[in-house]
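Novice: sequence plus the predicted model coming up.
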Amino acid sequence: MQAVKYFPRKLILNAAALLTVLLVLSSVATSEPILGEKEVKLGQEAAAQIAKEHKLSDNAADLKRVREIGERIAAVANSKEVPALYGSSRVTPFQYQFNIIEESDVNAFSVPGGYIYVYRGLLDFVESDHELAAVIAHEIVHAAHHHMVYLLEKQASLNNQIAIALLASIVSGARGSDVSNIVLGAQLYQIARLNGYGMQAERDSDYGAIIYMREAGYNPVGLLTFLERLAKRPEMVDWGIYRSHPLDAQRVAAAKKVIRELGIPIKRRETTRAVKAEVRTDSVDGKEVPGVYINSTLIYRPAPVAGKTSIEIANELASTINDVLDSNVQMYEIKIDPSGYGVLVRDKPLIIVSEADARLMGKTPEEVSKAAADAIRAVVWKQMVDTVH
């Protein structure tokens, strides 16, 4: 499988070269801040170059999806100040623009001034709008907290000789590719020395994304599930010298910590395509009868009892099973009741199987209980393998 990059390992060399030249020369030549209007100008130049070098999507449905999500989050970024762990938290309203690059990379990036790009491969990888919102929010934080400007200004202030070398190359008529190589070499050198900058910026974007998502009405658990799944796929990440996206247990743990501190329940089934308990209605002896399914397998069909209808009981049980599956339950905690008439989780009843329930399935209560416990254990086993905790 082709190695792909999540977030920018390279920002289109020529565009990066032009952008870096302008930023470095600006920071050396003047003490004026380059936030705001100047960022937009730099972003426009980079966006023009990106449009020349990449095929941008014209898929109306996909663009509508990306832009609606992006605009909801951008409205928060343009109005709410979120403390920056890196860069500047000063609210600088941008007219954010969102585009899709028709390439298979699981990647997204932003350039100054609010130009956000997601790749086709990323759209194929995310499992919900919440996960897509997480990636877009992450990139919006990069722009809103002025990360690129902040990083390049800091680097330039540490070594003005970079700017002198660039200026000399331009004055001497160096070709664009030569300038690109000089810029890239200088940036790699500085990033190698100051690699903490990239990591700090990524963690700031993760933190800010969680806040933006919550304010925009998206589930921040989408960031956690996206990072967990990507961290389990190291072949999809080209680390390179940048190491700007530390997809490791520490980054996952940091996102989980913030989500918990905000009091947001971690229910992964709300943001992924993870196996869920679902209620379906089937025709049994000419009657519509609801049942609880896992992985297309019927595990329980309730008979009405104590004033509750079958559909009410089925919906309540499906919701309870999904909460259990999202609670980091372990396989050994799922047991068959000693009576054989139900399933216990952490020694508390999860499913109580009556004779009437079992008759609806043409089985004994013990058979229903065992099949239900086995189905739940199979899901727990799979998520233990697939999920970083």
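Specialist: On my side now, so go ahead.
Novice: next secondary structure element downstream of the lowest-mean-pLDDT helix or strand in the chain?
Specialist: Taking mean pLDDT, DSSP states H and E as the measure, the chain has helix 176-193 as its least confident helix or strand, at a mean of 40. Reading on from helix 176-193 to the C-terminus, the next helix or strand found by DSSP states H and E is helix 196-216.
Novice: now that next one: average pLDDT?
Specialist: Mean pLDDT, helix 196-216: 87.
Novice: give the next helix or strand downstream of it.
Specialist: helix 221-231.
Novice: could you check the angle that next one makes with helix 196-216?
Specialist: Following axes from the mean of the first three to the mean of the last three CA atoms, to 10 degrees, one obtains 140 degrees for the angle between helix 221-231 and helix 196-216.
Novice: the stretch 1-150 of the chain: strands as residue ranges?
Specialist: Shown for the stretch 1-150 of the chain, the strands assigned by DSSP state E, counting those that start in this stretch span residues 97-101, 108-111, 115-119.
Novice: quick one: strands adjacent to the last one?
Specialist: Strands that pair with strand 115-119, judged by DSSP bridges, come out as strand 97-101 (parallel), strand 108-111 (antiparallel).
Novice: which other residues reach the first one?
Specialist: Read it as strand 97-101. Contacts with strand 97-101, where a contact means CB atoms under 8 Å, 6 or more residues apart in numbering, come from 47, 50, 54-57, 59, 62-63, 66-67, 70-71, 114-120, 123, 136. No exception for glycine: its C-beta is placed from N, CA and C like everyone else's.
Novice: for stretch 342-352, same thing?
Specialist: With CB under 8 Å, 6+ apart as the test, stretch 342-352 has contacts from 300, 317, 320-321, 324, 329, 333-337, 341, 353, 365, 369, 372-373, 376.
Novice: how far does that stretch stretch from one end to the other?
Specialist: Distance between the boundary residues of stretch 342-352 (CA to CA, to the nearest Å) amounts to 4 Å.
Novice: specify the residue ranges that define each domain of this protein.
Specialist: Using automatic domain parsing, the domain ranges for the chain come out as 13-270, 277-386.
Novice: most packed of those domains?
Specialist: Stretch with highest mean neighbour count among the domains of the chain: domain 13-270 (a mean of 19; mean count of other CB atoms under 10 Å).
Novice: if we can go back for a sec, and the domains of the chain, which one averages the lowest pLDDT?
Specialist: Averaging pLDDT over each of the domains of the chain puts domain 13-270 lowest, since it has a mean of 77.
Novice: which ones among the contacts of stretch 342-352 lie within strands?
Specialist: 300, 334-336 (DSSP state E).
Novice: need the max-distance pair from those.
Specialist: The span of the ones in strands among the contacts of stretch 342-352, defined through CB to CB, is set by 300 and 335 at 16.2 Å.
Novice: helices of the stretch 1-150 of the chain, residue ranges please.
Specialist: 13-29, 37-53, 60-77, 120-125, 129-144, 147-158 (DSSP state H, counting those that start in this stretch).
Novice: including distance to residue 385, could those helices go into a markdown table?
Specialist: Shown next, in a markdown table, are these (distance: least, CB to CB, whole Å):
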| stretch | distance to residue 385 |
| --- | --- |
| helix 13-29 | 39 |
| helix 37-53 | 39 |
| helix 60-77 | 30 |
| helix 120-125 | 19 |
| helix 129-144 | 20 |
| helix 147-158 | 35 |
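Novice: any idea which of those gets closest to residue 270?
Specialist: Of all the helices of the stretch 1-150 of the chain, it is helix 129-144 that lies closest to residue 270, at 7.1 Å by CB to CB.
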